[in-house]
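1. Quick check, what structure comes out for this input:
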Amino acid sequence: MLPPRATRVAAAETIPSSLASPLIVTALIVSGLYIGRDVLIPIAIAVLLSFVLGPIVHLLRRLRFGRFLSVATSVVVALGVAAALATLIGVQLADLAKDVPRYRTTIERKVEGLRDSPAGRMADYVANIGRTMHQGGEESPKPEAAKPEASGAKSNAPPPEKAILVEMKERSPDPIALANTILSPILHPLATTGIVFIVLLFLLMQREDLRDRMIRLVGSSDLHRTTVAMDDAARRLSRYFLVQLALNAVFGIVIGICLSVIGVPNPALWGIFSALMRFVPYIGAAVSAVFPLALAAAVDPGWSMVIATLAVFLILEPLTGHVIEPMLYGQSTGMSPFAVLVSALFWTWLWGPVGLLLSTPLTVCLVVLGRHVDKLEFLDVLFGDRPALTPVENFYQRILADDPEEAQEHAELILKDCSLSSYYDDVVLKGLELAARDAARGVLTPDQKTDIRDTVAVLIAEMDRRDAEVPDDEFAAPNDVPAHWKQDGAVLCVTGRSFVDESACAILAQLLGKRGIGTRIVPFADVARVQVDEFDPGPARMICVVSLAINGEPTHLRRLVGRLKRRMPDLPIVVGLWQADHEILNDEGQRAAIGADIHVSSLDAALQAVLSRVGTAAPAAAAPERPVTIPAPMPVAEAVAT
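-> As a prediction, this is how the structure comes out:
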């Protein structure tokens, strides 16, 4: 029965209205960031500098300096370093501008040399051919015949007027206009620098008070947890930014020394530029090499200086990025590559080149806050490099989408760090449990159920092929397995009534077969009430019942076990109910009512039960159960903290 029209209209209007509020808030935030960039950029720089100077202030306070003296000393030192760098950059730029005409002459000579080369002559030849063909297609304009004037005719045209020379002189500027002309280019940087250091001073002086206010905003309900999280995040960010600043500074110094040895002019300028550009993700290293290479080409009549400069950057940048950085603070910034790119584009669009330099540090701050503050967890999901889904959710999503190739890739990634039985226990069975819960809620269609079964069957077959190619000591079959346990059907793996129970039985049968024990999968229909009397147990010596169903579990299992005991009274029965939160596992009375000999809740426990019955010890390689996690790059801030 369809809902009334008013109800359907209200439901249709709910989705746009639910999206409207976040979109409006986001638009207001972005607009505020753009409009207030002149004020927000200095504040952002001050916040990042506070993370850098925080450990220094803490060290000075431990040396018995007062709070104000520690903060003032750190800020004055930072201001002195900034002033020294600005002065050095200005001197270097002035020196570079003075030699531009000489560099232009060298470049022109190189261009002439390229024209004299075979490639240059070929290019000129082709250009001349094109020019000739273009001129040949045009008709030469015909000169018009001059019209002779009548002889003796007098011209009535007035005589030409004499030109008047007009000279314009600019009025001498008054002192105020002169001062404005001189100071206007430097007023904005000076104002920005002043705001940065004033805000920095207050941030360092009021650090605890600002922390408490942030705690009040994001998590006052659990003060202890939130305080520990905020302090930990601030400490890790401080260490990360301090180490990154030191590493980039050393990189710039080494670049400057190398360029000085090579003979590239203004090596200090390019060292500072390279250090700054290392804060820019992806393109920073390439951009920092462009200008030194162009200058080397303009200075050296040959190409040796260009080649040497290129070699310096090709050696130092990979060495720093792929060897030294992982040793100091892990593999990445804790951000996904896509988040790094998007953040760089976003902050550059908002704040220009300064936003590009600040993009990665600002986003790292957001990611760390998202990992420590529950209300900001969405930031970690959006920008962090940790998987958005758990391994179990990832597996279920792949089998639900009928994508066996991705399910196999997912399995190969996890199996690098754990055994096959642990992967089955901690990922596959829990993923099948999610499928069983969705089926119990009625949200899975028959086609989806079929796709899930087929995908899991392909995955199990792929695991068999993988073990055949790369044998695992975990599955070394004991030599003392009796012959009657090796017969097909020695262990009956009976499926429950859920559509995923057959897949779980296939997994158990596979693991038992790898240990040399014969198995047989028995569908639920073969031991149903109307079929159980005709069931042939064959050489069975043990029964394992596997169930992942959700609804009516105790009654269903009790009846199934009762039928099996009546048909095969001498065989021990193991019931595998692989749901960690099911009440049966914690209720002794319900387990006793089922009537099974052994109750297990994991594959490992089921294997141990069968092996103990067989009389063989479990393989030594079998490791205890442990959570399975997908390896991910360690975030920079966490690695620095350790």
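
2. Could you list the residues in contact with stretch 248-264?
-> 267-268, 270-276, 278-279, 288, 292, 295-296, 299-300, 305, 308-309, 312-313, 316, 320 (Cβ atoms under 8 Å, 6 or more residues apart in numbering). In this view, the C-beta of every residue, glycine as well, is placed from N, C-alpha and C.

3. do that again at 6 Å, thanks
-> 267-268, 270-272, 274-275, 278, 292, 295-296, 305, 308-309, 312, 320 (Cβ atoms under 6 Å, 6 or more residues apart in numbering).

4. roughly how far is it from the heart of the chain?
-> 31 Å (Cα atoms, centre = their mean, to the nearest Å).

5. ditto for stretch 505-523
-> Taking Cα atoms, centre = their mean, the mean C-alpha location of stretch 505-523 is offset from the chain mean by 40 Å.

6. and if you look at stretch 342-353?
-> 18 Å.

7. what residues does it touch?
-> Outside stretch 342-353, the residues that reach it (Cβ under 6 Å, 6+ apart) are 33-34, 37, 41, 281, 355-356, 359, 363.

8. now do stretch 454-465
-> So stretch 454-465 is contacted by 399, 402, 404, 407-408, 503, 506, 510 (Cβ under 6 Å, 6+ apart).

9. Let's have the contacts of stretch 342-353 in CSV, adding secondary structure and distance to residue 421.
-> Output for the contacts of stretch 342-353, formatted as CSV (DSSP: H, G, I helix; E, B strand; the rest coil; distance: Cβ to Cβ, whole Å):
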residue, secondary structure, distance to residue 421
33, helix, 52
34, helix, 55
37, helix, 57
41, helix, 55
281, coil, 41
355, helix, 51
356, helix, 49
359, helix, 45
363, helix, 40
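
10. hmm, back to that, just the contacts of stretch 248-264: which are in strands?
-> In strands, judged by DSSP state E, none of the contacts of stretch 248-264 are found.

11. would you say residue 450 is within a helix?
-> Yes: looking at residue 450 with DSSP: H, G, I helix; E, B strand; the rest coil, it is inside a helix.

12. residues touching it, list them.
-> Neighbours of residue 450 in contact, by Cβ under 6 Å, 6+ apart: none.

13. quick one: pLDDT of residue 128?
-> On pLDDT, residue 128 comes in at 64.

14. Does residue 264 fall in a helix, a strand, or a coil region?
-> Residue 264 is classified as coil under three-state DSSP.

15. Now do the phi/psi pair for it.
-> Here is the backbone geometry of residue 264 (degrees, to the nearest 10): phi -70, psi 130.

16. Please determine how far it is located from residue 92.
-> Taking Cβ to Cβ, to the nearest Å as the measure, residue 264 falls 12 Å from residue 92.

17. and what of residue 577?
-> With Cβ to Cβ as the criterion, residue 577 and residue 92 are 74 Å apart.

18. Name the SS class of residue 417, please.
-> Applying three-state DSSP: residue 417 is coil.

19. Can you get me a residue count around it?
-> 12 (other Cβ atoms under 10 Å).

20. what does residue 350 give?
-> Residue 350 has 16 nearby residues by other Cβ under 10 Å.

21. cool, residue 21 as well?
-> Around residue 21 there are 9 residues (other Cβ under 10 Å).

22. re earlier: if you rank the contacts of stretch 454-465 by neighbours, which is first?
-> Counting by other Cβ under 10 Å, top hit in those: residue 399 with 28 neighbours.

23. could you say what helices and strands the host helix or strand of it packs with?
-> Per DSSP states H and E, residue 399 falls inside helix 391-400. Packing partners of helix 391-400 (3 or more Cβ pairs under 6 Å, 6 or more residues apart in numbering; DSSP states H and E): helix 404-415, helix 429-441.

24. and the gap between the residue nearest in space to the middle of the chain and residue 37?
-> Nearest to the geometric centre of the chain sits residue 336, at 1.1 Å (Cα atoms, centre = their mean). Note on residue 336: its distance to residue 37, by Cβ to Cβ, is 26 Å.

25. got the domain boundaries for this structure?
-> With domains defined by automatic domain parsing, the chain comprises 36-119+187-211, 230-329, 332-386, 394-614.

26. Can you lay out these as CSV showing distance to residue 217 and mean pLDDT?
-> Output for the domains of the chain, formatted as CSV (distance: least, Cβ to Cβ, whole Å; pLDDT from 0 to 100):
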stretch, distance to residue 217, mean pLDDT
domain 36-119+187-211, 11, 82
domain 230-329, 11, 85
domain 332-386, 9, 78
domain 394-614, 33, 81
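
27. and these as JSON lines, adding distance to residue 22?
-> What follows is the domains of the chain, written out as JSON lines (distance: least, Cβ to Cβ, whole Å):
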{"stretch": "domain 36-119+187-211", "distance to residue 22": "21"}
{"stretch": "domain 230-329", "distance to residue 22": "25"}
{"stretch": "domain 332-386", "distance to residue 22": "10"}
{"stretch": "domain 394-614", "distance to residue 22": "24"}
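
28. looking at the ones you listed, which is closest to residue 25?
-> domain 332-386 (12.7 Å; Cβ to Cβ).

29. Tell me how far the closest one lies from the chain's centre.
-> Put simply, domain 332-386 sits 10 Å off its chain's centre (Cα atoms, centre = their mean).

30. Please apply the same query to stretch 276-296.
-> For stretch 276-296, the distance to the chain centre is 23 Å (Cα atoms, centre = their mean).
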